[in-house]
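> quick check, what structure comes out for this input:
(one chain, ligands or ions: 2)
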Amino acid sequence: MYLQRRNRILRKNAAIRSLVAETVLTPQDFIAPLFIDEGRDIAYEIPSMPGYYRYSLDKTVQEVKALWGLGIRSVLLFIKCEDRLKDNTGQESWNPDGLMQRSIKAIKDAVPEMVVMTDVALDPYSEYGHDGIVKNGEIVNDETAEALLKMSLSHARAGADWVAPSDMMDGRIGIIREGLEKNGYTRTGIMAYSAKYASCFYGPFRDALDSAPGFGDKKTYQMDFSNRREAVKEALSDVEEGADILMVKPAMAYLDIIREIKNAVTLPVSAYHVSGEYAMIKAAAAKGWLDENKAILESLTAIKRAGADLIATYFARQAVALING
Ligand SMILES: NCc1[nH]cc(CCC(=O)O)c1CC(=O)O
Ligand SMILES: [Mg+2]
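Ligands and ions are numbered 1, 2, ... in the order given. Okay, the predicted model is just below:
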């Protein structure tokens, strides 16, 4: 047999494969999401996210120091709001002494160079568990956007480097950008969840923060998973309104969306490997049905290969340990 082309030459052994690999994960690819609660010395393992914890702020600060030491350069903060502080305005979200604001300050004090991003959406603060203000059973857009602006300004004031609106209200990126400008926060980044789908894969996250919607679902604001072109439309609106990074969420079932947006814009694109995606790998691995470490590296590499410049993932710490060998 005489072959002109022998494609297997590039796969002959690990050394040559490493030389020609198109996609290589590094610690700087990751954004580590953190769940923060009141109290001291608390590490609560989230039942549907084995191996992942909601920490009190003191422990969170220790975790952030450890993440920095491993080479991780950004964290995305979520707080668990006490029930007594939840209402339909979300006002606790702009309390200057709120848990989020205290967390931002404590983390920036402890590890000033860590890029601190904050979740901006009303659901943890909402008595209804919705991302916006509820009126007559509907999630109202424009009033919610005003509340999100107050929340964003309060995060910027506390020292957040980036705000990450995850709510999917129309126009909120433009309103937040303008508000940041008018208040002198000209160096605060906006990571817009541009294509966030109404997904069943957020289930474990809602357990972590006790933020499941009290009625209905989120389909009037989060996207329909049937749609791809709509994601490009959403992305282009957010570019126009002043976003700095665009997020796609979830990740594994949405690799086509990541690629589509990557090709359509010049901004960095991030992808959120969400709680349910974490839970699936953990559960299958616990049963002995999947090799956990291999599943993690294959999944995260695929997300980067699809076009993600950054990946928010609960596996950040574990992945870095695997990468560093
Ligand atoms: N605005 C809330 C928010 N921000 C991030 C997630 C999900 C993250 C995950 O599942 O890991 C959610 C949940 C939701 O929209 O219901
Ligand atoms: Mg939008």
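> give me the spatial nearest neighbour of residue 32, chain neighbours excluded.
Leaving aside its sequence neighbours, residue 32 sits nearest to residue 316 (C-beta to C-beta, 6 or more residues apart in numbering; 4.1 Å). For the C-beta atoms, the positions are set from N, CA and C on the backbone; glycine is no exception.
> that neighbour contacts residue 72, correct?
Yes: when contacts are counted by C-beta atoms under 8 Å, residue 316 is listed as touching residue 72 (5.7 Å).
> ok, back up a step: neighbours around the residue nearest to residue 32, how many?
Residues lying near residue 316 (other C-beta atoms under 10 Å) number 25.
> that one and residue 106, how far apart?
20 Å (C-beta to C-beta, to the nearest Å).
> cool, and residue 295?
According to C-beta to C-beta, residue 295 and residue 106 sit 34 Å apart.
> is it true that residue 195 lies in a strand?
Yes: counting by DSSP: H, G, I helix; E, B strand; the rest coil, residue 195 falls inside a strand.
> so what's the residue count around the closest residue to residue 27 other than its chain neighbours?
Excluding its sequence neighbours, the residue lying closest to residue 27 (C-beta to C-beta, 6+ apart) is residue 71, at 3.2 Å. Using other C-beta under 10 Å, residue 71 has 13 neighbouring residues.
> just checking, what packs against the longest helix along the chain?
Assignment by DSSP state H gives helix 141-158 as the longest helix of the chain. The contact analysis (3 or more C-beta pairs under 8 Å, 6 or more residues apart in numbering; DSSP states H and E) places helix 141-158 against helix 99-110, strand 115-120, strand 133-135, strand 162-165, helix 172-182.
> which of these sits closest to ligand 1?
Taking C-beta to the nearest ligand atom, strand 115-120 is the member of the helices and strands packed on helix 141-158 nearest to ligand 1, at 5.4 Å.
> what count of nearby residues applies to the closest residue to ligand 1 within the stretch 51-200 of the chain?
Of all residues in the stretch 51-200 of the chain, residue 121 sits closest to ligand 1, at 3.4 Å by C-beta to the nearest ligand atom. Using other C-beta under 10 Å, the number of residues around residue 121 comes to 28.
> how close does it get to residue 196?
10 Å.
> quick revisit: what sits in contact with each of residue 316 and residue 72?
Taking C-beta atoms under 8 Å, 6 or more residues apart in numbering as the criterion, residue 316 and residue 72 both touch 30, 32.
> could you pull out the helices in the protein for me?
14-20, 57-70, 99-110, 141-158, 172-182, 203-209, 229-241, 255-264, 275-286, 292-306, 316-323.
> ok, residue 38 - contacts?
Applying C-beta under 8 Å, 6+ apart to residue 38 gives the contacts 56-57, 80, 82, 99.
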